[in-house]
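Chemist: pasting the sequence and the predicted model now:
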Amino acid sequence: MTTIEDNLHRVRARLQQACNAAGRSVNEVTLLAVSKTFEADAVRQAYAAGQQAFGENYVQEGVEKVEQVRALGACPHIVWHCIGPLQSNKTRLVAEHFDWVQSIDRLKIAQRLNEQRPAQLPPLQVCIQVNVDGGANKSGVAAGDALELAQAMAALPRLRLRGLMAIPEPAPDFETQRALFLRAKALFDELRAHGLDLDTLSLGMSDDLEAAVAAGSTMVRVGRAVFGHRERKVAAA
């Protein structure tokens with residue numbers, strides 16, 4: 001039977017190969033294990049195998065898991081990322097329980113997170129989600145509006161703007177995937193050229209992490225390849 005530790009070993013090997021092919025150090029790319037719909041014990045198993053960064057899409061489920069894992073007392077260095085769509089009525093929960101938010105595409109959400117981040121916690125690490133392929137039903141700010149949003153967010157004292165996140169539509173081959181990711185990389189470079197201190201480009205998932213690494217991703221969000229197939233779940237963010 002394949003274990004989570006086995007899966008992590010395979011994903012890390014893929015990352016190493018992708019970085020070798022791109023002429024990059026594997027230390028430049030963080031693996032984010034997407035644990036949505038999996039139990040706290042699966043997180044504990046992955047942590048025991050050396051994984052520290054975990055992503056959750058559904059706020060309520062994520063908060064419950066954060067508390068469950070904390071109660072286990074065996075994961076002191078864990079880092080939690082909120083990576084799903086974020087509604088205004090859930091910002092307080094996220095501000096109080098997560099370390100990162102990758103899915104901000106409106107200034108209103110950023111302002112609420114800034115106001116609701118507890119004073120005893122360090123600033124919330126945040127990324128702007130951008131819609132790089134123009135899909136009408138996709139979350140994310142349009143590329144042309146990203147600079148204005150980034151400059152406004154960078155001024156919020158309880159947030160630390162780290163970079164961009166994108167989820168392009170699935171593409172059938174490596175070069176098409178890479179071309180979509182390069183749009184996000186170009187925007188990332190443009191924002192840095194405007195003086196924004198960004199270091200995180202969150203691109204790539206289980207099926208396209210190699211193309212994301214080739215395009216310059218610094219963080220890949222991998223769920224299925226780490227935890228296995230999950231049942232479909234419909235949940236409010």
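Modeler: Yes, it's here. None of the values given here were measured: they were computed from a predicted structure.
Chemist: only C-alpha atoms from now on, for both contacts and neighbour counts.
Modeler: Noted.
Chemist: so which residues of the chain form strands?
Modeler: With DSSP state E as the criterion, the chain has strands at 30-34, 53-56, 79-82, 100-104, 124-131, 141-142, 159-166, 200-202, 219-222.
Chemist: between those strands, which gets nearest to Glu190?
Modeler: Between Glu190 and the strands of the chain, the shortest gap by CA to CA is with strand 159-166, which sits at 11.5 Å.
Chemist: before we move on, back to that, could you export the strands of the chain as JSON lines, including distance to Glu175, mean pLDDT and mean neighbour count?
Modeler: Compiled in JSON lines, the strands of the chain are given as follows (distance: least, CA to CA, whole Å; pLDDT from 0 to 100; neighbours: other CA atoms under 10 Å):
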{"stretch": "strand 30-34", "distance to Glu175": "22", "mean pLDDT": "98", "mean neighbour count": "23"}
{"stretch": "strand 53-56", "distance to Glu175": "27", "mean pLDDT": "98", "mean neighbour count": "24"}
{"stretch": "strand 79-82", "distance to Glu175": "29", "mean pLDDT": "98", "mean neighbour count": "22"}
{"stretch": "strand 100-104", "distance to Glu175": "25", "mean pLDDT": "98", "mean neighbour count": "26"}
{"stretch": "strand 124-131", "distance to Glu175": "19", "mean pLDDT": "97", "mean neighbour count": "25"}
{"stretch": "strand 141-142", "distance to Glu175": "23", "mean pLDDT": "95", "mean neighbour count": "18"}
{"stretch": "strand 159-166", "distance to Glu175": "17", "mean pLDDT": "98", "mean neighbour count": "25"}
{"stretch": "strand 200-202", "distance to Glu175": "18", "mean pLDDT": "98", "mean neighbour count": "27"}
{"stretch": "strand 219-222", "distance to Glu175": "18", "mean pLDDT": "98", "mean neighbour count": "22"}
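Chemist: mind putting those strands into TSV with distance to Gln17?
Modeler: Below are these laid out as TSV (distance: least, CA to CA, whole Å):
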stretch	distance to Gln17
strand 30-34	14
strand 53-56	21
strand 79-82	25
strand 100-104	26
strand 124-131	27
strand 141-142	32
strand 159-166	23
strand 200-202	19
strand 219-222	14
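Chemist: can you say which of the ones you listed is nearest to Glu210?
Modeler: strand 219-222 (9.4 Å).
Chemist: which helices and strands sit right next to that closest one?
Modeler: strand 30-34, strand 200-202 (3 or more CA pairs under 8 Å, 6 or more residues apart in numbering; DSSP states H and E).
Chemist: where does the chain have low pLDDT?
Modeler: Along the chain, the model assigns pLDDT under 70 to residues 135-137, 231-237.
Chemist: circling back to that earlier point, which one of the strands of the chain lies nearest to Ala211?
Modeler: Nearest of the strands of the chain to Ala211, taken as CA to CA: strand 219-222 at 10.6 Å.
Chemist: hmm, who's touching the closest one?
Modeler: Strand 219-222 has contacts (CA atoms under 8 Å, 6 or more residues apart in numbering) with 29-34, 55, 200-206, 209, 212.
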